[in-house]
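Undergrad: Just the structure for this:
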Amino acid sequence: MSRKNVAFKIRIEEELRREFVDTCNSDDLTAAQVVRRFMRSYIERHKTSLQGNLFQSNEPHQEE
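TA: Okay, the predicted model is just below:
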């Protein structure tokens, strides 16, 4: 795994943060682990979606 040397700061509601951290802890994970996992998954889904769109035309299909 690569070295983690960049911070990502976001502003969220205190209650959302507390519930998120508590839920992560109940799964024996850190909040950072869950956020990194989500980010990787989101990127992969986006890449897959873009690749699928390369083969789709925006114009209606006309039969011959």
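
Undergrad: low-confidence ranges in the chain?
TA: 1, 52-64 (pLDDT under 70).

Undergrad: Identify all contacting residues around the longest helix seen in the chain.
TA: As assigned by DSSP state H, the longest helix anywhere in the chain is helix 31-54. Under the contact criterion CB atoms under 8 Å, 6 or more residues apart in numbering, helix 31-54 has outside partners 8, 20-21, 24, 27. Where you see a C-beta, it was placed from the backbone N, CA and C, and this is true even at glycine.

Undergrad: swap in stretch 15-26?
TA: Against stretch 15-26 from outside (CB under 8 Å, 6+ apart): 30-31, 33-34.

Undergrad: re the thing from before, so what's the gap between the longest helix of the chain and the chain middle?
TA: Its chain's C-alpha centre and that of helix 31-54 lie 5 Å apart, by CA atoms, centre = their mean, to the nearest Å.

Undergrad: cool, stretch 23-30 as well?
TA: How far stretch 23-30 lies from its chain's middle: 18 Å, per CA atoms, centre = their mean.
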